[in-house]
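Peer 1: A predicted structure for the sequence below; I have some questions about it.
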Amino acid sequence: MRRVVITGMGIISPIGKDIKTFWENLKNGVCGIDFIQNIDTTGLEVKIAGEVRDFRAEDFGVEKGMARKADRYCQFALAAAQQAMNDRGDLGLPNERVGVYVGSGIGGMQTFLNESKKMFEEGPGRVSPLFIPMMISNIAAGNIAIAHHAEGPCLPVVTACATSTHAIGEAYRAIKYGYADAIIAGGAEATINPLAIGGFTNCKALSKSGDPKRASLPFDAERKGFVIGEGAGIVILEEYEHAKASGAKIYGEICGYGNTCDAYHYTAPKPDGTCASRAIKMALDEANYSEKDTLYVNAHGTGTHMNDSSETQALKLALGEKEARRAHISSSKSMTGHMLGAAGGVEVIVSALSLQEGVVTPTIGLNNPDPECDLDYTPNKAQKADLTIAISNSLGFGGHNACVAIRK
């Protein structure tokens with residue numbers, strides 16, 4: 001069994017399109033949620049989101065022809081993957097030992113909308129021949145593999161909001177057991193459009209707040225749903241001995257992974273948190289967590305009533321009441337919104353950087369804590385802490401639970 005480390009990072013988010021900007025904004029509690037500008041919101045009840053503004057894939061080194069033939073979610077993935085590979089530098093590995101595990105919860109929804117409009121208005125003969133390859137949710141992984149000549153295992157994961165946490169966890173296992181030496185892993189999403197907003201609004205998942213600063217409120221008593229976000233989070237995972245021998249910069253070590261299902265409801269989490277708690281405990285047990293550790297938890301923390309209360313319960317079950325109260329917890333979604341299939345990749349990056357710098361990033365907007373959510377969620381201001389281990393939780397529609405553990 002081999003050790004697995006993070007040696008490169010790339011991000012496209014509402015609070016930064018590079019790691020340095022993103023991290024500084026996150027530590028400083030900068031809110032990336034605002035009124036939607038990229039689409040016409042006429043007729044929409046929800047007019048607030050965590051948008052990526054002023055994005056051009058070519059600015060990140062993505063080949064112009066590939067960008068032109070890619071949905072927005074895929075462009076995000078390609079840009080973040082290019083950043084991560086630039087951060088790592090030459091892997092110095094045979095192509096067949098490098099893999100890609102990059103997923104998307106929904107895939108090319110904007111392409112689906114555009115081409116459906118053509119079909120209904122002009123007939124099926126006007127549908128683009130690129131419709132299918134631009135829409136399918138595996139194409140980001142395929143295009144990243146093409147761009148970086150990665151001929152090893154290529155496994156796009158689709159588990160809704162847990163997608164990129166599962167992708168990173170499965171990539172960790174593939175390297176640990178020798179199926180690859182390095183894997184580009186994470187996720188991407190771009191669904192800020194009338195169809196997705198209408199669907200999420202009508203299933204009562206989205207916040208209808210008219211105030212961007214009081215819309216995404218994880219663990220707050222006033223929370224009334226999540227805020228949709230977009231972007232990509234990609235990491236390079238690599239076998240430790242190779243990374244060390246090649247002088248790679250090491251951000252942290254992936255040392256545990258848990259994967260369970262609630263088997264309860266197609267959108268609601270299991271209220272008692274039992275299945276999510278098992279995923280958390282699996283990751284921590286594999287990472288040899290003990291009471292001597294100082295734990296950071298990047299919570300799924302969506303700002304929906306059921307998620308935040310059940311996740312709180314899951315942490316108490318997994319850690320025990322005393323250890324749960326000692327843990328440092330925060331939700332990045334208070335600043336980025338919920339980036340759906342990209343959220344886990346972004347939040348693994350947050351977890352690794354938090355460990356590296358000894359900083360617990362804040363949960364902004366947490367002014368009125370819910371009595372059901374009574375742990376230390378780091379309200380409004382970052383804190384310094386001598387962290388030794390971090391976990392990143394992701395809980396998706398369909399009951400998908402994922403947790404990745406990271407050590408310094």
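Peer 2: Thanks, I have the structure now.
Peer 1: quick one: the helices in this protein, in order.
Peer 2: Counting by DSSP state H, one finds helices in the chain at the ranges 19-27, 64-68, 72-88, 109-122, 131-135, 139-148, 163-176, 194-202, 240-245, 274-286, 305-319, 321-326, 333-336, 343-357.
Peer 1: deepest-packed of those, please.
Peer 2: Counting by mean count of other CB atoms under 10 Å, helix 333-336 has the highest mean neighbour count of the helices of the chain, with a mean of 30. Backbone N, C-alpha and C define where each C-beta goes, glycine included.
Peer 1: hmm, who's touching that helix?
Peer 2: Residues from elsewhere that reach helix 333-336 (CB atoms under 8 Å, 6 or more residues apart in numbering): 13-15, 25-26, 29-33, 50, 216-218, 226-227, 229, 231, 300-303, 339, 343, 346, 362-366.
Peer 1: from residue 110, how far off is the residue positioned nearest the centre of the chain?
Peer 2: Taking CA atoms, centre = their mean, the centroid of the chain lies closest to residue 343, which sits 2.0 Å from it. Residue 343 sits 19 Å away from residue 110, going by CB to CB, to the nearest Å.
Peer 1: ok, back up a step: and the residue nearest to the residue nearest to the centre of the chain when sequence neighbours are not counted, what does it touch?
Peer 2: Spatial nearest neighbour of residue 343, chain neighbours left out: residue 161 (5.9 Å); criterion: CB to CB, 6 or more residues apart in numbering. For residue 161, the contact set (CB under 8 Å, 6+ apart) comprises 105, 300, 302, 338, 340-341, 343-344, 394-397, 400.
Peer 1: picking that back up, pLDDT value on the residue nearest to the centre of the chain, please?
Peer 2: At residue 343, the model reports a pLDDT of 98.
Peer 1: span of stretch 285-295 from start to end?
Peer 2: The first residue of stretch 285-295 is 13 Å away from its last residue (CA to CA, to the nearest Å).
Peer 1: what's in contact with it?
Peer 2: Residues contacting stretch 285-295 (CB under 8 Å, 6+ apart): 255-258, 319, 323, 326-328, 385-391, 405, 407.
Peer 1: domain parsing for this protein?
Peer 2: For the chain, automatic domain parsing gives the domain ranges 4-245, 256-407.
Peer 1: now the terminal residues of the shortest one, how far apart.
Peer 2: Pointing back at domain 256-407 there. 9 Å.
Peer 1: what's the answer for stretch 189-205, then?
Peer 2: 17 Å.
Peer 1: pLDDT averaged over that stretch - what is it?
Peer 2: 97.
Peer 1: so how far is that stretch off the chain centroid?
Peer 2: Centre-to-centre, stretch 189-205 and its host chain are 18 Å apart (CA atoms, centre = their mean, to the nearest Å).
Peer 1: flag the shaky bits of the stretch 1-150 of the chain, pLDDT-wise.
Peer 2: Along the stretch 1-150 of the chain, no part satisfies pLDDT under 70.
Peer 1: 90 instead, please
Peer 2: For the stretch 1-150 of the chain, applying pLDDT under 90 flags the ranges 1.
Peer 1: show me what contacts residue 230?
Peer 2: 14, 49-52, 72-73, 76, 189-192, 339-340, 342.
Peer 1: er, residue 309 actually
Peer 2: 271, 370, 372, 373.
Peer 1: buried ones among these?
Peer 2: Neighbour-count burial (16 or more other CB atoms under 10 Å) is assigned, among the contacts of residue 309, to 370, 373.
Peer 1: in TSV: the contacts of residue 309, plus distance to residue 168 and pLDDT.
Peer 2: Below are the contacts of residue 309 laid out as TSV (distance: CB to CB, whole Å; pLDDT from 0 to 100):
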residue	distance to residue 168	pLDDT
271	27	94
370	29	97
372	30	95
373	26	97
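Peer 1: for the contacts of residue 309, work out which two are farthest apart.
Peer 2: 271 and 370 (14.5 Å; CB to CB).
Peer 1: tell me the predicted confidence for residue 388.
Peer 2: At residue 388, the model reports a pLDDT of 98.
Peer 1: my guess is residue 221 contacts residue 366. True?
Peer 2: No: taking contacts as CB atoms under 8 Å, residue 221 lies outside contact range of residue 366: 9.7 Å.
Peer 1: gap between residue 267 and residue 160?
Peer 2: Relative to residue 160, and taking CB to CB, residue 267 is found at 9 Å.
Peer 1: overlap of the contact sets of those two?
Peer 2: With CB under 8 Å, 6+ apart as the test, residue 267 and residue 160 both reach residue 397.
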